[in-house]
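1. please work out how this folds:
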Amino acid sequence: MSPRVTDEPCFILHSYPWSESSLILETWSRHHGRVALVAKGAKKPTSQFRPVLLPLQPLRLNWGGDAEVRTLKAAHWPGGHVMPTGEALLSGYYLNELLMRLLVRDDAHEALFDHYTSAVRHLAEGVVAQPAVLRTFELLLLRELGWLPGLATLGHSPNAVSPTTPYVLMPEGGLREALDGEAQALPGSVWAGIQRALDGDAPFSDTLLACLPGLNGLRPQLRTLLHYHSGVRVFKTRQMVLDVQALTVPAVPPAADHPQLRTE
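-> You can find the predicted model right below:
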């Protein structure tokens, strides 16, 4: 890798303090993959970096050095969407956690970078339902890393799935016929439609549409694959969402104070 990189399309996945005035940035670049950068003086009120180095918005970065942690030289926002807010912000942090856990340093995935750009833009605009955006990116991420089994055939065989038969996706074995009571199972027509979308000329937009009939079933099955390959049981951002939801659910009064809950 060249020690000098200029005007590189990037996103900031995570940042943490380094010394009293600087930050370490975990960035994802289009042509160089995940790169760690030190932004010297970025915490100072007068720093030119301070208003720019925000997550979930497109940036152009310059850096130099050939050490494991390079030095940020310049940063600017080229325009486009701004950061998502509210629930969309948490969804964006979830995408960032996936990339931090599953991508190795200095390994470029240009197509996946473009898919991430589309996903973050959809989250910021808030027009498309967030679950559809998340499932689409999960599918494309798993496919890019070689962890998504074929979705148009049964297991690892050449036998095509039946359109009306329900199937469940397994991390290593691919699709298998669902057992009684497996509510997350999806019909073969949905799985095959997603496979065609992934193979098409516009995989993000096509997969976004193909996911819609199976959103409820896709979520637990894709989460199983992601947990399996990441080695974690619960993603931190997922736990954060659960904690927030627990804080916003009103407490149920004791049965004695609630006529409908009293036992006779």
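2. in this protein, where is pLDDT below threshold?
-> 1-2, 238-264 (pLDDT under 70).
3. could you chop it up by domain?
-> According to automatic domain parsing, the chain comprises the domains 4-76, 87-238.
4. please convert these to TSV, extending it with mean neighbour count.
-> C-betas here are computed from N, CA, C, even on glycine. Below are the domains of the chain laid out as TSV (neighbours: other CB atoms under 10 Å):
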stretch	mean neighbour count
domain 4-76	17
domain 87-238	17
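5. contact partners for the most centrally placed residue in the chain?
-> By CA atoms, centre = their mean, the chain has its centre lying nearest to residue 95, at 2.3 Å. By CB atoms under 8 Å, 6 or more residues apart in numbering, the residues touching residue 95 are 116, 119-120, 134, 137.
6. would you verify that it is located in a helix?
-> Yes. Judged by DSSP: H, G, I helix; E, B strand; the rest coil, residue 95 forms part of a helix.
7. any idea which strand is longest in this protein?
-> strand 4-18 (DSSP state E).
8. pull the residues that contact that strand.
-> Contacts for strand 4-18 (CB under 8 Å, 6+ apart): 23-32, 34-35, 38-39, 43, 53-64, 70, 96, 99-100, 113, 116-117, 120.
9. tell me the strands beside that strand, with direction?
-> strand 22-29 (antiparallel), strand 59-64 (antiparallel) (DSSP bridges).
10. and the next element down the chain from the longest one?
-> Proceeding C-terminally, strand 22-29 gives way to strand 33-39 as the next helix or strand, assigned by DSSP states H and E.
11. just the helices in the stretch 101-250 of the chain please.
-> 110-125, 130-144, 188-199, 203-211, 215-230, 236-248 (DSSP state H, counting those that start in this stretch).
12. so which elements touch the fourth one?
-> Under the contact definition 3 or more CB pairs under 8 Å, 6 or more residues apart in numbering; DSSP states H and E, helix 203-211 sits against helix 110-125, helix 130-144, helix 188-199.
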